[in-house]
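> Okay, here's the prediction I keep looking at, along with the sequence it came from:
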Amino acid sequence: MTEPPTPFWRRHKGLKLVALSIVLVLIVLAGVAAFLLHRAEPFVRARIVEALQQHFHARVELDSFHMSLKDGLKAEGRGLRIWPPAQVEGVNVPADNPPDRPLISLAEFRFQAPLHFERGKPFHISTVELKGLEVHLPPHSHFIHRAAVPNSATSGSPASFEIETINCTGTNLVLETDKPGKLPLEIPIAHLTLTHVSSTGPMDFVADLTNPLPRGAVHTTGSFGPWVVADPGESPVAGQYTFDHADLSDFKGIAGILSSTGQFQGTLRQLTADGQTNTPDFRLTDFGPPLPLTATFHALIDATNGDTVLDPVDATLGHSHFTLHGQVVRVKPSQPTSDSASFSSTGDAGSSSPAPVPLGQGKDIDFKIDIDRARIEDFLRLTSHSGPPVLTGNVTTKARLHIPPGTEPVEKRLTLNGSFLIDQATFTSQKIQDGIRQLSLRGLGHPKEIKSTDADSIRSTMLGNFQLSNGVVTLPELTYTVPGSTIKVSGTYAIDAGAINFTGTADMEATVSQMIGGFLGALAKPADRFFKKDGAGTELPFHVSGTRDDPKFGIDFNRMKKKSAPQFDPSSNPPADLYSRPER
């Protein structure tokens, strides 16, 4: 009977002893490494704080820091705070104006780095993960700029490093302003990725965020930096953006889904942007059908508070082209509007200002509008509940638009003052257009041609000034011209209810007898002298009341007896060189 084989470790007792010795050594080395690593954490933590202090020239605080040697050097920390610089490159923060919050605060960070480091070369890190990053930029006035003085006591040069990628979750950028009555601009960024990060050069970024008003998704890419230590708000930034599915119904009174693309460049405090917008279904929520609205724009953006100067906006609504020049300003609650001056009917600032009116928090919109190639029906469709617009024709307009912030719908807050010219106009209401046909042909002294003439062939011209406020259009003076007649009208038109209240005077080329014609006209010939005035064949005072769908016309016999036409303010006439009647 054969003996069982001797076990390996019994046959090689010396090897077993060596193996156990190696294991013991490894355990000891691991313990020593852990001990040294634990002892090294305060040193590395201090080195990180020192490097950040040298780079930012500021006080740096780090609540906790831990390291491990698994798969290289792994490190994580919590509670990192970097305060605004106290003195760097000739910039001082006076002691009586200390910062009340950190420039940069970070809830958590972690990174992995190689164990080897080559002297004279940047320290390389592949990936850094950041959570709860908040950058809070003080206003420019926080810094007092003086001539730079070389500091020979600087302890060496700042540490040089390279980071391939920084992934940030839950980033918040706050830009303070020193302008009275202005709100700081806060930009929450859901996801932010920085690449090619170094201690001295620019870095690339990719960011996704949600715009608060109108709510929509923003995706932006570009470059940022290098970081300006002396004043971080002056750090350069440039890139491109897309803004998708912005819901305009976030603003009371309007609706539509907006998309926009563009480019921007400048600094964190002051940006220049050029872009395009497209809203295929723009409409007023309480009125008519949607119309396509497209625009290109050039904007100057004060990134410390979100104030935006648009100069210009080149837009098309339906088939109508117009340009805008103006600004959108963020205001605090109960702050008066940015420009409360009164405006004349031509859109220029007047000499007096009304008392400031408390406002709600939001945006104050103030624009000059130049409508140069447009159709009046495009704009009337937006303000009609149903059916076709009341009027068609070519329109040119110069006006001033103001929309203060508030909780009421836009059409209730909007004010619009200006002058206009509507040419080749026809009314869509057959009843009104039939009346225009009679007015024209009788004014020419051709009453027999009324039945044989197509009412739609009678084109008219409107010239005047207007004010739109609280949903009511006020016409201080409207000059309405058709062949054979000139009518001057003043009054009001309620857009929502369609209520009409106008008074005016019609001057016809023909006399009363010529307007009537035939046998009855001959009988009326003695009355001609009672209606003549200022060389006109007939002057007839009238009024129009009722509604848009059911207007009622009448003769003002009392005014006719007084032989006095309505008085109009001559200063409200539009400039002759601005709106001259085109040749037919």
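Perfect, thanks for sending it.

> I'd assumed Val489 was in contact with Thr503.
Yes - under the criterion of CB atoms under 8 Å, Thr503 makes contact with Val489 at 7.2 Å. The C-beta positions use only the backbone N, C-alpha and C, and glycine is treated the same way.

> between those two, who's got more neighbours?
Val489 (21 against 17; other CB atoms under 10 Å).

> Tell me the strands beside the helix or strand harbouring that one, with direction?
Assigned by DSSP states H and E, Val489 belongs to strand 485-494. Taking DSSP bridges as the criterion, strand 485-494 forms sheet pairs with strand 472-482 (antiparallel), strand 500-508 (antiparallel).

> can you list those in JSON lines and add distance to His298 and mean pLDDT?
Below are the strands paired with strand 485-494 laid out as JSON lines (distance: least, CB to CB, whole Å; pLDDT from 0 to 100):
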{"stretch": "strand 472-482", "distance to His298": "31", "mean pLDDT": "90"}
{"stretch": "strand 500-508", "distance to His298": "41", "mean pLDDT": "87"}
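
> Dump those strands into TSV; add distance to Arg442 as well.
Below are these laid out as TSV (distance: least, CB to CB, whole Å):
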stretch	distance to Arg442
strand 472-482	11
strand 500-508	7
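
> just to revisit the earlier point, pLDDT (mean, whole number) over the strand holding Val489?
Averaged over strand 485-494, pLDDT sits at 89.

> what residues does it touch?
439-440, 443, 471-481, 499-509, 544, 548, 565-566, 568 (CB atoms under 8 Å, 6 or more residues apart in numbering).

> ok, of these, which come out buried?
Buried residues within the contacts of strand 485-494, counting neighbours by 16 or more other CB atoms under 10 Å: 439-440, 443, 471, 475-481, 500, 502-509, 544, 548, 568.

> Can you list the helices and strands that the particular helix or strand that has Val128 in it packs against?
If you go by DSSP H and E, Val128 is part of strand 123-137. On a contact count with 3 or more CB pairs under 8 Å, 6 or more residues apart in numbering; DSSP states H and E, strand 123-137 meets strand 104-113, strand 161-175.

> and the shortest one, which residues are buried?
What that stands for is strand 104-113. Applying 16+ other CB under 10 Å to strand 104-113 flags 104-109, 111-113 as buried.

> Out of these, flag the one nearest to Arg375.
Distance to Arg375 across those (CB to CB) is lowest for Ile104, with 54.1 Å.

> Quickly note the distance from the closest one to Leu271.
Applying CB to CB, to the nearest Å, the value for Ile104 to Leu271 is 21 Å.

> same deal with Pro312?
Distance from Pro312 to Leu271, by CB to CB: 17 Å.

> what's around Asp434, how many residues?
Asp434: 14 neighbours (other CB under 10 Å).

> Let me fix that, I meant to ask about Pro180.
7.

> Leu209 too?
Count around Leu209 with other CB under 10 Å applied: 19.

> Not counting sequence-adjacent ones, nearest residue to it?
Nearest in space to Leu209, with sequence neighbours left out and distances taken as CB to CB, 6 or more residues apart in numbering, is Ile189 at 4.6 Å.

> which residues do Thr503 and Val489 both contact?
Common neighbours of Thr503 and Val489 (CB under 8 Å, 6+ apart) are Val544.

> how about the residue nearest to Leu209, what does it touch?
168, 171-173, 207-209.

> now do 10 Å
133, 135, 168-173, 205, 207-210, 218, 220 (CB atoms under 10 Å, 6 or more residues apart in numbering).

> do you know how far it is from Leu133?
The value you get for Ile189 to Leu133, if CB to CB is used, is 9 Å.

> Also Pro139?
Counting by CB to CB - Pro139 and Leu133 are separated by 21 Å.

> of these two, who's got more company?
With neighbours defined as other CB under 10 Å, Pro139 and Leu133 compare such that Leu133 has more, 21 against 18.

> Surely the more buried one and Thr171 touch.
Yes - with contacts counted by CB atoms under 10 Å, Leu133 reaches Thr171, the gap being 4.5 Å.

> Return every residue with contacts to both of those two.
Contacts common to Leu133 and Thr171, judged by CB under 10 Å, 6+ apart, are 106, 189, 192.

> ok, the residues you listed vs Glu61, which is closest?
Leu106 (10.6 Å).

> List the contacts of that closest one.
By CB under 10 Å, 6+ apart, the neighbours of Leu106 are 62, 77-82, 130-135, 168, 171.

> Among these, the buried ones, what's the ChimeraX command?
In ChimeraX syntax, the buried subset of these is picked out as below (16+ other CB under 10 Å):
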select :62,77,78,80,81,82,130,132,133,134,135,168,171
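
> Report the separation between the closest residue to Leu416 other than its chain neighbours and Thr426.
Nearest residue to Leu416, sequence neighbours excluded (CB to CB, 6+ apart): Leu468, at 4.0 Å. From Leu468 across to Thr426, the span is 23 Å (CB to CB).

> what does Ala246 give?
In terms of CB to CB, Ala246 sits 37 Å off from Thr426.

> for Arg548, same thing?
15 Å.

> and what of Leu310?
Taking CB to CB, one finds Leu310 at 35 Å from Thr426.

> what are the ranges of the helices in the stretch 451-584 of the chain?
Assigned by DSSP state H, counting those that start in this stretch, the helices in the stretch 451-584 of the chain fall at 512-516, 518-523, 528-531, 557-562.

> can you list those in a markdown table and add mean neighbour count and distance to Lys179?
Formatted as a markdown table, the helices of the stretch 451-584 of the chain follow (neighbours: other CB atoms under 10 Å; distance: least, CB to CB, whole Å):
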| stretch | mean neighbour count | distance to Lys179 |
| --- | --- | --- |
| helix 512-516 | 22 | 64 |
| helix 518-523 | 11 | 72 |
| helix 528-531 | 14 | 63 |
| helix 557-562 | 12 | 54 |
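
> Can you check the pLDDT for the nearest residue to Arg101 once chain neighbours are set aside?
The spatially closest residue to Arg101, leaving aside those adjacent along the chain, is His136, at 5.4 Å (CB to CB, 6+ apart). At His136, the model reports a pLDDT of 85.

> so His136 touches Pro184, yeah?
Yes - between His136 and Pro184 there is a contact under CB under 10 Å: 8.9 Å.

> Which one's more surrounded, these two?
Shown here are His136 and Pro184; by other CB under 10 Å, His136 has more neighbours (20 against 15).

> Next one: that one from Thr296, what distance?
Distance from His136 to Thr296, by CB to CB: 34 Å.

> With Asp423 instead?
27 Å.

> Please say which of those two ends up with more neighbours.
Per other CB under 10 Å, whichever of Asp423 and Thr296 has more neighbours is Asp423, with 19 against 14.

> Specify the beta-bridge partners of that one.
Applying DSSP bridges, one finds that Asp423 bridges with Asn394.

> Tell me who's in contact with Asp496.
286-287, 383, 385, 411-412, 470-472.

> Now do the same for Arg373: its pLDDT.
Confidence score, pLDDT, at Arg373: 90.

> Dihedrals phi and psi, the closest residue to Arg330 other than its chain neighbours?
The shortest distance from Arg330 to any non-neighbouring residue, by CB to CB, 6+ apart, is to Gly306 (4.8 Å). Main-chain torsions, Gly306, degrees, to the nearest 10: phi 90, psi 0.
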